[in-house]
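S.K.: return atomic coordinates for the entry below.
(2 chains)
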Amino acid sequence: MTAVKESDPYAPTEFRPKKVGFGRWVREHLVTFFGILGLLYLFAPIFVVIVFSFNKPKGLFNYTFTEFSFDAWTGVCDVPGMCDSLWLSIRIAFFSTLAATILGTIAAFALVRHKFRGRGFANILIFVPMATPEVVVGSSLLVLFVNMGVPLGQLTIWIAHTMFCLSFVIVTVKARLVGLDPRLEQAAQDLYANRVQTFFRITFPLIMPGVVAAAMLSFSLSFDDFIITNFNSGSEVTFPMFVWGTSKKALPPQINVIGTAMLLIALFVVIVGRAIGKRRAR
Amino acid sequence: MTAIAHVPPTGGTATPPPEPGRSNKLTPYFLLLPAGLALLVFFVLPILTLINTSLQSGGLEEGYTFTWSFSNYWDVWVDYWPQFLRSFVYAGSATVLAILIAYPIAYMIAFKAGQWRSILLVLIIAPFFTSFLIRTLAWTTILSDTGPVTSFFRSIHVLALTDWIGLTSDSRILATPLAVILGLTYNFLPFMTLPLYASLEKQDPGLLQAAGDLYASSWQGFWKITWPLSLPGVISGTLLTFIPAAGDYVNATFLGSMRESMTGNAIDALFLRIRDYSHAAALSVSLMAAIVVLVIYYVRRSGTEDLV
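M.R.: Next comes the predicted model:
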């Protein structure tokens, strides 16, 4: 940039001195200032969740900080029902992630690597559930289950979660597949690998990062879902359902411990994932 | 992927690779079958059942019969139009606020962060990792009547002003529309920030330099170059924020009061407590229809129809 200006005798360097520079300086720092304010807004609740996990509240509600203590951390499962709900959430998230990831990866492969009639319709069918408000998804499933006489419980939660995770898995894996050179798979077929061999030896290892990302996304979506679960859980209590139910009666600091632990585990997984990704890239 | 047939042979192959046989035509359908069936049976069929239920009349005791009773829609409109209106006003305000807050964040990460970029991106998603409900509950602590935030805004008379507009009442933030809007904005902010970042990050900073060389002020440069080029991000961010916000009722429950209840609250109550399925379904279908109409109108107006 500067080289061009120096060599160009008509460059108006003298005419645009500090004014533009000053304006730019102000704008740059204004943007950073508002950006940092925005980040503070984003982190304020996280900060509160972490700090209040070390609280020893006087009443039933963990709203005001009274005393620093590790009680909530050492006695996480002291709150009746909470750890059961946590365990249920983990199980449901695991099984819906498993189902959604398998079905979604296969579907994404079909959508990207094959051209066929009805592909546009299939893409719309996958997009629309993500663009539908959760209340509508949840309530429509409730109506279906009631009409078909399916008792609400773990099975219906699992079905609902698998369904709404599916679209997210397909979209994530598709993005990875689109960036994959089809000639790699062709080369394998040139070397007499059949389609199944090609998929498991070439395609799948190469799209693995996308599949893992999709699985992680779907686990966290399922684990954290409240609205859809609320309509389809019957009498089962997942962790978000537990928080919802208890929030009217009491708010023990153990809830904040779970929130903090989730954050730490997720950050750990992300950091490890990045490290592995970097090593693989080398 | 469409180019498979046109890629020149790599050479050296004695026998050509197996020709796509007749069965291959059906392969994609077999591969799509499980996921497609799951979506058809557990998404499309439920929506159709919901529409069917919304046109039924009857009660839990005598049973429901399909009677094309469009009166259900009229009934829910008469009873729940305030909730309906609130959903759209709150979600709209939250979306506008989210653009205002997310834009500087995305801009900063895309152009100013340098080596901090990837760390900041992880931090943007980090709030996602704590439970949605727990984060929203944390706002009740932050905005509590005796907390520093409320005291500060009360002391500089901002709350008197918002009281006057009707955003807050009785000089408190909790249990007012403002709290619900702030909660909605917060909860869906990453959905706005990430698409904005994606559309900003692609831009060539040389464009702005060129604008500067042509005597554009930085303000003009922003409005004539950066902003128009980031519009795809703004549009997808708006959709990703507005749609879930309009259907949400967790924020209205935790941060609002009965006066702030939204459509989601009404649907939840009608289905799970009152158990008036036909009216509940009518309200649910109305919400979805209103959102679909708004989204189509918005997407048409902004001229990007290739979002799907």
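S.K.: which residues are in contact with the closest residue to chain A within the stretch 101-250 of chain B?
M.R.: Across the stretch 101-250 of chain B, no residue is closer to chain A than B:Gly247, which sits at 2.6 Å (Cβ to the nearest Cβ). (Each C-beta comes from the backbone N, C-alpha and C, glycine too.) Counting by Cβ atoms under 8 Å, 6 or more residues apart in numbering or on different chains, B:Gly247 makes contact with A:133-136, A:227, B:87, B:263-264, B:287, B:291.
S.K.: equivalent analysis for A:Val211, please.
M.R.: With contacts defined as Cβ under 8 Å, 6+ apart, A:Val211 is in contact with A:101, A:105, A:173, A:176, A:204.
S.K.: got the contact list for the worst-scoring helix or strand of chain B on mean pLDDT?
M.R.: Using mean pLDDT, DSSP states H and E, strand B:63-66 stands out as the lowest-scoring helix or strand of chain B, at a mean of 74. Strand B:63-66 is contacted from outside by B:52-53, B:55-58, B:277-278, using Cβ under 8 Å, 6+ apart.
S.K.: what subset of those residues is buried?
M.R.: Neighbour-count burial within the contacts of strand B:63-66 applies to B:52-53, B:55-56, B:277-278; the criterion is 16 or more other Cβ atoms under 10 Å in any protein chain shown.
S.K.: just those that are near chain A?
M.R.: Restricting the buried ones among the contacts of strand B:63-66 to those touching chain A (Cβ under 8 Å from any Cβ of the partner chain) yields B:53, B:277.
S.K.: between the buried ones among the contacts of strand B:63-66, which is closest to A:Asn147?
M.R.: B:Thr53 (7.6 Å; Cβ to Cβ).
S.K.: just give the nearest non-adjacent residue to that closest one, would you?
M.R.: Using Cβ to Cβ, 6 or more residues apart in numbering or on different chains and skipping the chain neighbours, the partner closest in space to B:Thr53 is B:Ala281 (4.0 Å).
S.K.: is stretch B:215-228 in proximity to chain A?
M.R.: Yes: Stretch B:215-228 comes into contact with chain A (Cβ under 8 Å from any Cβ), by way of B:215, B:217-219, B:222.
S.K.: okay, B:Leu240: pLDDT?
M.R.: B:Leu240 is assigned a pLDDT of 91 by the prediction.
S.K.: contacts only, for the residue lying closest to it once chain neighbours are set aside.
M.R.: Nearest non-adjacent residue to B:Leu240, counting by Cβ to Cβ, 6+ apart: B:Phe191, 3.9 Å away. Contact analysis of B:Phe191 by Cβ under 8 Å, 6+ apart lists B:98, B:237, B:240-241, B:244.
S.K.: inside helices: which ones of those?
M.R.: Using DSSP state H, the subset of those located in helices is B:98, B:237, B:240-241, B:244.
S.K.: who's in contact with stretch A:49-58?
M.R.: So stretch A:49-58 is contacted by A:62-73, A:251-253, A:256-257, A:259-260, A:263, B:130, B:134-135, B:138, B:141 (Cβ under 8 Å, 6+ apart).
S.K.: got a PyMOL select line for the buried ones in the residues of stretch B:215-228 next to chain A?
M.R.: Applied in PyMOL, the following selects the buried portion of the residues of stretch B:215-228 next to chain A according to 16+ other Cβ under 10 Å:
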select buried, chain B and resi 218+222
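S.K.: let me know the closest of the residues of stretch B:215-228 next to chain A to A:Val26.
M.R.: For the residues of stretch B:215-228 next to chain A, the residue nearest A:Val26 by Cβ to Cβ is B:Ser218; the value is 8.4 Å.
S.K.: surely B:Trp68 touches B:Gln56?
M.R.: No: if you go by Cβ atoms under 8 Å, B:Trp68 and B:Gln56 don't touch, sitting 9.1 Å apart.
S.K.: walk me through the domains of chain A.
M.R.: A:2-52, A:81-251 (automatic domain parsing).
S.K.: any idea which of those domains gets closest to B:Arg259?
M.R.: domain A:81-251 (17.9 Å).
S.K.: what is the end-to-end distance of the closest one?
M.R.: End-to-end distance for domain A:81-251: 13 Å, by Cα to Cα, to the nearest Å.
S.K.: any idea how far it is from the chain center?
M.R.: Relative to the centre of its chain, domain A:81-251 is centred 11 Å away, using Cα atoms, centre = their mean, to the nearest Å.
S.K.: what residues does the stretch 51-200 of chain B put near chain A?
M.R.: B:53, B:101-102, B:104-105, B:107-109, B:112, B:118, B:120, B:122-124, B:126-142, B:144, B:146, B:186, B:189-190.
S.K.: now those residues: which count as buried?
M.R.: Applying 16+ other Cβ under 10 Å to these, the neighbour count classes B:53, B:101-102, B:104-105, B:107-109, B:112, B:120, B:123-124, B:126-142, B:144, B:186, B:189-190 as buried.
S.K.: about what we covered before: among the contacts of stretch A:49-58, which lie within strands?
M.R.: Judged by DSSP state E, strands contain none of the contacts of stretch A:49-58.
S.K.: what subset of those is buried?
M.R.: A:62-63, A:71-72, A:251-253, A:256-257, A:259-260, A:263, B:130, B:134-135, B:138, B:141.
S.K.: what's the burial count for A:Cys83?
M.R.: Residues contacting A:Cys83 under the criterion other Cβ atoms under 10 Å in any protein chain shown number 16.
S.K.: show the subsequent helix or strand relative to the helix or strand where it lies.
M.R.: If you go by DSSP states H and E, A:Cys83 is part of helix A:82-113. Going down the chain from helix A:82-113, the next helix or strand is helix A:119-130, by DSSP H and E.
S.K.: any buried residues in that following helix, and which?
M.R.: Buried, per 16+ other Cβ under 10 Å, within helix A:119-130: A:122, A:125-126, A:128-130.
S.K.: ok, and what's touching the helix or strand just after it?
M.R.: Remark: after helix A:119-130, the chain's next helix or strand is helix A:134-148, criterion DSSP H and E. Here helix A:134-148 makes contact (Cβ under 8 Å, 6+ apart) with A:129, A:152, A:156, A:159-160, A:163-164, A:225, A:227-232, B:42-43, B:45-47, B:49-50, B:53, B:244, B:247-249, B:263-264, B:267-268, B:271, B:277, B:280-281, B:284-285, B:287-288.
S.K.: could you confirm whether the helix or strand following helix A:134-148 reaches chain B?
M.R.: Next helix or strand after helix A:134-148 toward the C-terminus (DSSP H and E): helix A:154-178. Yes: counting by Cβ under 8 Å from any Cβ, chain B has neighbours in helix A:154-178: A:159-160, A:162-163, A:166-167, A:170, A:178.
S.K.: all set now, cheers.
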